[in-house]
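Q: Output the structure for:
(one chain, ligands or ions: 1)
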Amino acid sequence: MTDFVYSPGEADFADRAHDVYRRLRDEFPIYHNENHDFWAVSRFDDVREIASDAERFSSEGTSLGENLLPHIQTMDPPRHDALRNLVSVAFTPRRIAEIEPRVREVAHELIDEFAERGQCDLLAEFARHLPSRVIGEMIGVPPERREAFLGCTEQMIGVTPDTGSDANVREPATRIYQEFTQLLEERRKHRRDDLMSALLEAEIDGERLSQEELLGFCFVLIVAGNDTTTNLIANGTVMLAHHPDQRRELVDDPSLIPNAVEEMLRYEAPAQALPRRTTRKVEIHGETIPADQEIKLVWAAANRDEREFPDPDRFDVRRKIGRHLSLGIGRHFCLGAKLARLEARVGFEELLARMPQYELEREPRWIPSIWARAYDSVPVRFDPYQTPKSMGMVSARENMPKRIHSI
Ligand code: HEM
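A: Predicted coordinates:
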C-alpha cells in the first residue's frame, strides 16, 4: 500500500511537481491512478517509445479530445498524416525564417510599450502577445478579434480535476469554433494569403476538407501555439532571473540563446503531459495494461530523468542537449516547433538587448493545470537606462550573427 498520488491540476500539485515526477520515475515507472482512471509513464525512454508507437498507443479517443472536434493532435494515420501534410509547408525552415523580421518587429513594439517604465508584467505585456500576434497573422485572424481568441485559450489552461473539462474546454472551444465559422465564411468569399485560405483550397484525394475538419484545424493551430510559447518565454524569463550569472552570459554572447531556449524547454516543459490510448493489451515494466486505457506521457518528468540527463535539476544554458521531449516525438512531433523556437530566440534577443539586468518584483505563482506549466504573472523591475553597452558589453543585437543583423 502506498499513499503516493500523481494527480496533476490539484491545488498544490504545481509546487510539488518535480518531487512527484522524481517518485514516478524511481518508484512507479508505470503508474495507475484508479480514481481518475489513467496510467502514466515518466522515464525518458518509456515516454519516447510510447510516443513513437502510434499502432499500440493511439491519439484518438483520449481525454484531450473530449468536447472538441477532431484535429490532427487527436487523430491517427492515415487521416492525421494527410491533414498534417497540408499545412506542414507553412512551417518549413525556410517559411519560418522568412517571418523572423516580423517576429522581431512585434517584439520591438511590445517592449517599446513598457521599456521607459522600468517595470512590467513580462507575461501579460510581452510573452502573452508575441506568439498570439504571430500565429494570428499566419492564420488570418483580424487584430480586433485576437483578444477574444487569447481569452479562450487562456481559459483552457485552467483545466483541473475540480473544474473538469466542461467549463474550461467546451465553452471556450465553442466560442473559438463560432469565431472561425465567421472568419471562414468571409474567406470563402475573399481569399487572402493566410492559412485559412490555404485550408479552404486544400484537397485530399480530390476532396475538400469538411467544415468540421477546417474548424478543428484552425482550433489546434491557434490553441497549440499560444499558451505553450507564451509560457516558454515567461518561464524562461523567471529562470534567467533566478540565474543572473547565466543571464549575463547570454547578454554577453547572444549566440548562446538558442541553446538556452532548449534548456528552458527541457527544464520546465510548457506542456507537462499529454495522453495516448492503448489499442491492445500491452506490458510495461511487468505491468499488464488492458486495451482502451489512457496513458499520460509525462514529458516534464522525462526531461528531468537522470537516466538521460546528468544532474537534471540544474539549469544550465550551456548544457549539451542532444534531445528532449518538450515538443514531443514521432509523427505528432510539434508542428510549430520551429516557430516556437524562433519566437523564443528573437524574444530573448530583444528583451536582453533592452533589459539586460532585471529582477522579479515577487516570486511568481504556478497556476493549477492538468497539462500546462504556467505562471499567473511575471512582474519584473529593471533600469530603463541600462543597456548592454552601458554595462560595457556588446548589445545583444549588435552581437548577433550577420543573418539576423541584416534585418
Ligand atoms: C514552446 C511551445 C510549444 C510546445 C512546448 C509545444 C508542445 C507540443 C507537443 C508536446 C506536441 C506533441 C503532442 C503529442 O504528441 O500528443 C505538440 C504538437 C503540436 N503542436 Fe506544439 N508546442 C509548442 C508550440 C507550437 C506552436 C507555435 C504551434 C503553431 C502552430 C504548435 C502546433 C502544434 C500542433 C498543430 C501539434 C499537433 C501535431 C500533430 O499531431 O501532428 N505548437 N506540440
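Q: Look up the closest residue to the residue in the stretch 101-250 of the chain that the ligand sits nearest to, ignoring the ones flanking it.
A: Ranked by C-beta to the nearest ligand atom, the top residue of the stretch 101-250 of the chain for proximity to the ligand is residue 225, at 2.9 Å. To be clear about C-beta, it is placed using only N, CA and C from the backbone, and glycine gets the same treatment. Distance criterion C-beta to C-beta, 6 or more residues apart in numbering; nearest residue to residue 225, sequence neighbours excluded, is residue 135 at 4.4 Å.
Q: With residue 23 instead?
A: Closest to residue 23 by C-beta to C-beta, 6+ apart is residue 4, at 6.0 Å.
Q: pretty sure the one you found belongs to a strand, no?
A: No. In this structure, residue 4 is coil, not part of a strand, as judged by DSSP: H, G, I helix; E, B strand; the rest coil.
Q: phi, psi of it?
A: phi -70, psi 130 (degrees, to the nearest 10).
Q: Does the residue of the stretch 101-250 of the chain closest to the ligand touch residue 136 like I think?
A: No. Using C-beta atoms under 8 Å, residue 225 is not in contact with residue 136, being 9.5 Å away.
Q: quick one: which helix or strand includes residue 145?
A: Assigned by DSSP states H and E, residue 145 belongs to helix 143-157.
Q: Near the ligand, which residues of the stretch 101-250 of the chain? Just list them.
A: Contact residues, the stretch 101-250 of the chain versus the ligand (C-beta under 6 Å from any ligand atom): 135, 220, 221, 224, 225, 228, 229, 232.
Q: Hmm, which of those residues is lowest in pLDDT?
A: Looking at those by pLDDT, the weakest one is residue 225, with 82.
Q: sorry, back to before: what mean pLDDT would you report for the helix holding residue 145?
A: 89.
Q: How about stretch 356-372?
A: pLDDT averaged over stretch 356-372 gives 94.
Q: Any residue of that stretch touching the ligand?
A: No. Applying C-beta under 6 Å from any ligand atom, one finds stretch 356-372 separated from the ligand by no less than 9.5 Å.
Q: if I look at the residue nearest to residue 321 when sequence neighbours are not counted, how far off is residue 43?
A: Setting aside the residues directly before and after it, residue 321 is nearest to residue 262 in space (C-beta to C-beta, 6+ apart), at 4.8 Å. Distance check for residue 262 against residue 43: by C-beta to C-beta, to the nearest Å, it reads 20 Å.
Q: count of residues packed around the nearest residue to residue 122 once chain neighbours are set aside?
A: Once flanking residues are discounted, residue 122 sits nearest to residue 378: 4.3 Å by C-beta to C-beta, 6+ apart. Using other C-beta atoms under 10 Å, residue 378 has 24 other residues around it.
Q: Make sure the residue nearest to residue 321 is actually in contact with residue 323.
A: No. Taking contacts as C-beta under 8 Å, residue 262 lies outside contact range of residue 323: 9.4 Å.
Q: Tell me which of these two has more neighbours.
A: Ranked by neighbour count (other C-beta under 10 Å), residue 262 and residue 323 place residue 262 first, with 20 against 12.
Q: Relative to residue 91, how far out is the more buried one?
A: Distance, residue 262 to residue 91, using C-beta to C-beta: 18 Å.
Q: What residue in the chain comes nearest to the ligand?
A: Nearest residue of the chain to the ligand (C-beta to the nearest ligand atom) works out as residue 336 at 2.0 Å.
Q: tell me the contacts of that residue?
A: 91, 135, 221, 224, 225, 229 (C-beta atoms under 8 Å, 6 or more residues apart in numbering).
Q: quick revisit: which strands and helices sit next to the strand or helix carrying the residue nearest to residue 321?
A: Assessed by DSSP H and E, residue 262 sits inside helix 257-267. The helices and strands touching helix 257-267, judged by 3 or more C-beta pairs under 8 Å, 6 or more residues apart in numbering; DSSP states H and E, are helix 227-242, helix 244-252, helix 337-354.
Q: Which helix or strand lies directly C-terminal to that helix?
A: Of the helices and strands lying after helix 257-267 in sequence (DSSP H and E), the nearest is strand 274-278.
Q: Quick check: neighbours of that next one in the sheet, parallel or antiparallel?
A: strand 57-58 (antiparallel), strand 294-297 (antiparallel) (DSSP bridges).
Q: where in the chain is pLDDT low?
A: Scanning the chain for pLDDT under 70 picks out 1, 159-167, 393-407.
Q: ok so, going back, can you check what angle separates the helix holding residue 145 from helix 227-242?
A: Compare the direction of helix 143-157 with that of helix 227-242 by axes from the mean of the first three to the mean of the last three C-alpha atoms, to 10 degrees and you get 80 degrees.
Q: Now do the strands in the chain.
A: For the chain, the strands defined by DSSP state E cover 30-33, 38-41, 57-58, 119-121, 203-204, 207-208, 274-278, 282-284, 287-289, 294-297, 358-360, 379-382.
Q: How many neighbouring residues does the residue of the stretch 101-250 of the chain closest to the ligand have?
A: Using other C-beta under 10 Å, residue 225 has 24 neighbouring residues.
Q: Residue 348 contacts residue 258, doesn't it?
A: No. Residue 348 is beyond contact range of residue 258, at 9.4 Å (criterion: C-beta under 8 Å).
Q: In terms of packing, which of these two has more residues around it?
A: residue 348 (25 against 14).
Q: The closest residue to that one other than its chain neighbours: neighbour count?
A: In space, residue 348 comes closest to residue 257 once its chain neighbours are excluded; the distance is 5.1 Å by C-beta to C-beta, 6+ apart. The tally of other residues near residue 257 (other C-beta under 10 Å) stands at 22.
Q: tally of neighbours for the spatially closest residue to residue 8 that is not a sequence neighbour?
A: Spatial nearest neighbour of residue 8, chain neighbours left out: residue 370 (4.8 Å); criterion: C-beta to C-beta, 6+ apart. Residue 370: 23 surrounding residues under other C-beta under 10 Å.
Q: Residue 370 contacts residue 6, correct?
A: No. Between residue 370 and residue 6 there is no contact under C-beta under 8 Å: 11.1 Å.
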